[in-house]
Every structure is written in C-alpha cells, then in structure tokens.
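Engineer: based on what follows, work out the 3D shape:
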Amino acid sequence: MKLTKRKVLLLVGGGAIVAAGAGAMVASRTPSKAAEPWSRAGSYGDIRRNALSWALLAPNPHNLQPWKAQLVGDDSVALLADPTRSLPHTDPFGRQITIGLGCFTELMRLAAAESGFGVDLDFYPEGENDQAPVVRARFRPNAAQPDPLFGAAANRRTNRSVYDVGPLPPETVAILSESRCRCQRARRGGKPARACERGLGHRTDDAARLEGKCRRAALWGATD
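Structural biologist: Predicted coordinates for the structure are as follows:
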C-alpha cells in the first residue's frame, strides 16, 4: 500500500518516520483505512521518533501536513515548515500553517511526556525565514510527568457522520435563541448587527470561492 504523508514523516537528511504501534486505542475509529495511522502510532525505540510518530497525527489546515523534521545530535529535533505546502491565496501570512505547526509541537511534547521526557522549546532560534527551523526541541529524560490530555490524542477526529434528524432539546434551543438575541442587540460601527452579519456572510462566500480556485488546497484537502 502506498503511504500518504499522514502516515509518513520524511526527515531532513534522510530517513522517515511511519506511525507505528497504538493498537486497541483506536478500535472505535471507522473506517479502518482512516484509523490506520492512529492504530500504528507510538512504538519507536528512540524517544524522538516515538514522539514524532504521534506528532504527525496533529490537526492542521486542510490536512496539508506542512512540516518537516530533522533529528539533531542525540537529543534534539528541528521542526521546519514545508514551503511547498503553504496556502498563498487563502493564508498569505502563514497564520494557519503556523497554528498547524504549533499543534504538531504540542502533540510531540505530550507524547514525550508519556515516557517521562521533558521537551525544551526554542522558537525561531535562527530568526524567521523559510529555511530556518520554526522550533528546536531538546528532549530531557526524567523531566516530565504524563499529561492527561495525551489520552485524547488517539480519539481526536472530524465527525462527518449523518446529522441526527430529531428535534433539538428545548434547553439547546433556548441557548441558541439567546445567543441570536445578543447578536441582534450588538452594534458595530453604528450598523445593526444584522447588516454586519450580511457583510460577514458575503466575506464567507468570497473566501469559499477563492479557496475553490486554489488547486493546492483542493488537492491536499482531499488527502488523508
């Protein structure tokens, strides 16, 4: 089977990390092909590779997987942004990509803590440019306690199942109604909130049309 980028993290300088080892933690995930990377995450002898095999499962914009990693020395990892996976039309300042790299870094830290390793993070150690690391991480043994948040890592998912066709509970309807009333009472720049809502709706439509024209976003957004 050909592995997608979600299943493989290519290391700068050669080599790769494939998600490998978590087993029963993802038995509830369906379909099985989508669950495969999670079912194999976490069984490398090297703590850095182990942590990275979890980190490559982090949420990221349009599933672009915009990261590259380099093992440095015996205890460090340099994380870089992959400029070929940017979104110049819909994310010209790299905000979404940066958030995705932050998710990668946090999941790497949580995975390392499961084995008692602390991770010292040095952000933009060589300044901000496309060729420099976004963060350099140094792994230290016996320096961290497991974080309960890591227990949710294998269960994170996007739910695209069919919506419940039943009516909303009355308490939920009340909450939504109150939120709508607060919005209607708001004012922005002297304009009623409804006018602001229409303006936001137009911007949303414009963004959707622009994104539809971006071949890279359409291509990678459909890749798992």
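Engineer: what is the end-to-end distance of stretch 91-98?
Structural biologist: Across its full length, stretch 91-98 reaches 10 Å end to end, with Cα to Cα, to the nearest Å as the criterion.
Engineer: contacts for that stretch next, please.
Structural biologist: By Cβ atoms under 8 Å, 6 or more residues apart in numbering, the surrounding residues in contact with stretch 91-98 are 61, 62, 64, 66, 81, 85, 86, 87, 90, 134. Heads up, the C-betas are built off the backbone N, CA and C, glycines and all.
Engineer: the same query, at a cut-off of 10 Å, please.
Structural biologist: Applying Cβ atoms under 10 Å, 6 or more residues apart in numbering, the set of residues contacting stretch 91-98 from outside is 60-62, 64, 66-67, 81-83, 85-88, 90, 99-101, 128, 130, 134, 211, 214, 217.
Engineer: just the buried ones from those residues, in ChimeraX syntax?
Structural biologist: ChimeraX command restricting the contacts of stretch 91-98 to the buried ones, with burial defined by 16 or more other Cβ atoms under 10 Å:
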select :60,61,62,64,66,67,81,82,85,86,87,90,100,101,134,211,214,217
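Engineer: now for this structure, the helix or strand with the poorest mean pLDDT.
Structural biologist: Among the secondary structure pieces of the chain, namely its helices and strands, strand 187-188 has the lowest mean (mean pLDDT, DSSP states H and E), a mean of 48.
Engineer: which residues in this protein form helices?
Structural biologist: 32-39, 47-55, 95-114, 170-185, 193-213, 215-221 (DSSP state H).
Engineer: which helices and strands sit right next to the second one?
Structural biologist: The criterion is 3 or more Cβ pairs under 10 Å, 6 or more residues apart in numbering; DSSP states H and E, and the helices and strands that helix 47-55 contacts are strand 8-10, strand 16-18, strand 67-72, strand 76-81, helix 95-114, strand 118-123, strand 135-140.
Engineer: paired strands for the fourth one, with orientation please.
Structural biologist: Here strand 76-81 is paired, per DSSP bridges, with strand 67-72 (antiparallel), strand 135-140 (antiparallel).
Engineer: show me where pLDDT drops low in the chain?
Structural biologist: Counting by pLDDT under 70, the ranges of the chain that qualify are 1-44, 180-224.
Engineer: export the helices and strands packed on helix 47-55 to CSV and tack on distance to residue 55?
Structural biologist: CSV is the format used below for the helices and strands packed on helix 47-55 (distance: least, Cβ to Cβ, whole Å):
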stretch, distance to residue 55
strand 8-10, 8
strand 16-18, 9
strand 67-72, 8
strand 76-81, 9
helix 95-114, 4
strand 118-123, 11
strand 135-140, 10
